[in-house]
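In: Need the 3D shape of this:
(chains A and B)
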Amino acid sequence: MRTRPMYWSVRRELWENRSITLAPLSVAAALLVGFQVSIVRQPERVRADVLAPFSVAAGLLSITAFLVGAFYCLDALHGERRDRSILFWKSLPVSDLTTVLSKASVPLVVLPFLTAPVVVLTQLVMLVISLAPLVQGGGVASYWARLPLFQSWVAMLYSLAAMALWHAPVYGWLLLVSGRVRQAAFLWAVLPPVVLSVVERVAFGTMYLSAFFTDRLTGWYTRGFVLPRPGAPALEPLAAMTPVRLLHAPALWGGLVFAAAFLAAAVRLRRYREPI
Amino acid sequence: MAAVVRPFTWSVRRELWENRSIALAPLLVAATMLIGFAIAAVHLPERRRAALLLDEARQHAAVERPYDIAAAIVLITSFLVGAWYCLEALHGERRDRSVLFWKSLPVSDLTAVLSKASIPLLVLPPVATAVIVATQLLMVLMSTAVLLGSGLSFATIAPQLRFVPSPLIALYAAAVAALWHAPVYGWLLLVSAWARRAAFLWAVLPFYAAAALERLAFGTTHLSSFLRDRLLGWSTEGLSIHAPPSLAVITVAQLTPGRLLASPGLWGGLAFGAVCLAAAVKLRRSRGTI
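Out: Here you go, the predicted model:
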């Protein structure tokens, strides 16, 4: 009889934090309402650029996933110490490694796999509600031809994976802070990068640190895709992907090493830390 | 002995005891800034000699910039501390069940919520002002000592001392920012009293979803520029800065309290903040522990 502690740990995280599923779904609902309104009010604007609302929806849902993941990590190891439930969870035969890994897997594995179907469903519903009003002004075939949905789904899967890998050190850092501090986890997580960037600016007149921290947030896009040039027509979603360049970036692998180090430190901390 | 209990004063003091970061975070940030300024002071004499050759406006901007950066980072820190504090204030006590103890005391929910709201509105602005003024004073002393040590005469340095921003500006900026951000703090306190979990997401997600809806529905970004104005509007309404950013200097003459007080955004924000606080008081009464 196998107990599968990792599997059940992840499931408990999902039970305890409904926001992991609710937040993407509510943003998707808002997007659908917005799209419906735009179709009723300004069908000609939607017809002019059929792909744009679909890309906006996918982009905004990915950002939601990042926000949910970041704030989940910041609370994950802090909250259980604060409400003393850590005493119960530690009494179970589940190792600290399993617990921390199950928490880390929420932003790294669960959220991407949850966001992808939400994006696909949202876009399918958008497609259905836009078919009738838009097709009146042209054929279904021409509408479909201008809407490379399958391609954009592949690009979306790729960018979700790239985001998760690229942001792994961010989540690791947030988990570490969450396991380390007694209070003000948010301040401990945010202030050091901001203050260090400003101090570097004052001390040396350079902006390397702020560029570095910005790259830690956006680098998956600047390296993983060909950036659209102003004026030039947008590339097809698949043609814009540059996975090899992303995998060649030392920053990706360095970030993953840092993420592993942060997680290892968080595991050690959880062993010795007690309720606050 | 007159037994005046003063529950409000003691409620505020307990918040300060419980949340050391209210005072510590601005101090730590200012100390880090001073270290950065000390490192930059190594090359200060050369830069100051180069600045002496510039016209007065550029000289002014060059001298003033580090002081402005120091003030700005302390103000940003104080906003972050206030926002984090409000989001945590009514949520944390329910989560660790200490709300049961605090409610057993003869302190009304109104006093408790107002004492929590007074931290970002009344406590943090003076703290930020004091930290900014002390930091700028230390920066003046440090740079004067370095410049004198490098062989520049006091007569050469003295005229540039008037480019150091007046402490009044720090006081004004801290007070105006607190007033302008009052609805933000009120909203965060309300979410903190209401949400069972994920208070930050509840605070941010409605606006994010509404902005997403507007973007898709009308292709416009009015809501996100409104939200940006809610965060930064105090500086555009309360200061008049005409020069390009590279030369932006702030003198007392550029403070425009009249325009700020006449802006409907300020009063609308204060009204919204008051509504949020009233709702937070009612919620604290009815909600138990999580």
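
In: Let's test this: name the helix or strand in chain A with the lowest mean pLDDT.
Out: helix A:140-145 (a mean of 73; mean pLDDT, DSSP states H and E).

In: Can I get that helix as PDB, trimmed to CA atoms?
Out: C-alpha atoms of helix A:140-145 as PDB (Å, rounded to 0.1, in the frame of the first residue of the first chain):
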ATOM      1  CA  VAL A 140     -15.700  31.500 -41.800                       C
ATOM      2  CA  ALA A 141     -12.700  30.300 -43.800                       C
ATOM      3  CA  SER A 142     -11.100  33.800 -44.000                       C
ATOM      4  CA  TYR A 143     -11.700  34.400 -40.300                       C
ATOM      5  CA  TRP A 144     -10.200  31.000 -39.400                       C
ATOM      6  CA  ALA A 145      -7.200  31.600 -41.700                       C
END
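
In: Pull out the buried positions in that helix.
Out: Using 16 or more other Cβ atoms under 10 Å in any protein chain shown as the test for burial, helix A:140-145 gives A:Tyr143. Where you see a C-beta, it was placed from the backbone N, CA and C, and this is true even at glycine.

In: Tell me where the stretch 51-200 of chain A has helices.
Out: A:51-82, A:85-91, A:96-105, A:111-135, A:140-145, A:149-180, A:185-204 (DSSP state H, counting those that start in this stretch).

In: wait, which of those is closest to B:His181?
Out: helix A:185-204 (16.5 Å; Cβ to Cβ).

In: can you tell if the helix or strand following the closest one touches chain B?
Out: Sequence-wise, the next helix or strand downstream of helix A:185-204 (DSSP states H and E) is helix A:208-224. No: using Cβ under 8 Å from any Cβ of the partner chain, helix A:208-224 stays clear of chain B, coming no nearer than 11.2 Å.

In: quick one: the spatially most central residue of chain A from chain B, how far?
Out: The centroid of chain A falls nearest to A:Phe66 when counting by Cα atoms, centre = their mean (2.9 Å). Distance of A:Phe66 to chain B, computed by Cβ to the nearest Cβ, to the nearest Å: 11 Å.

In: one step back: worst average pLDDT in the helices of the stretch 51-200 of chain A?
Out: Mean pLDDT is lowest for helix A:140-145 out of those, coming in at a mean of 73.

In: Which elements pack onto that one?
Out: helix A:111-135 (3 or more Cβ pairs under 8 Å, 6 or more residues apart in numbering or on different chains; DSSP states H and E).

In: Other residues contacting the helix it packs on?
Out: Here helix A:111-135 makes contact (Cβ atoms under 8 Å, 6 or more residues apart in numbering or on different chains) with A:20-21, A:24-25, A:28, A:31-32, A:35-36, A:39-40, A:43, A:46-47, A:50, A:53-54, A:57-58, A:61-62, A:64-65, A:68-69, A:140, A:143, A:147, A:149, A:152-153, A:156-157, A:160-161, A:163-164.

In: Residue of the stretch 1-150 of chain A closest to chain B, please.
Out: A:Gly34 (3.4 Å; Cβ to the nearest Cβ).

In: what pLDDT does that residue get?
Out: On pLDDT, A:Gly34 comes in at 91.

In: And the one helix or strand it maps to, what's buried?
Out: Secondary structure from DSSP H and E places A:Gly34 in helix A:19-41. Of all the residues in helix A:19-41, those buried under the rule 16+ other Cβ under 10 Å are A:19-20, A:23-24, A:26-28, A:30-32, A:34-36, A:38-39.
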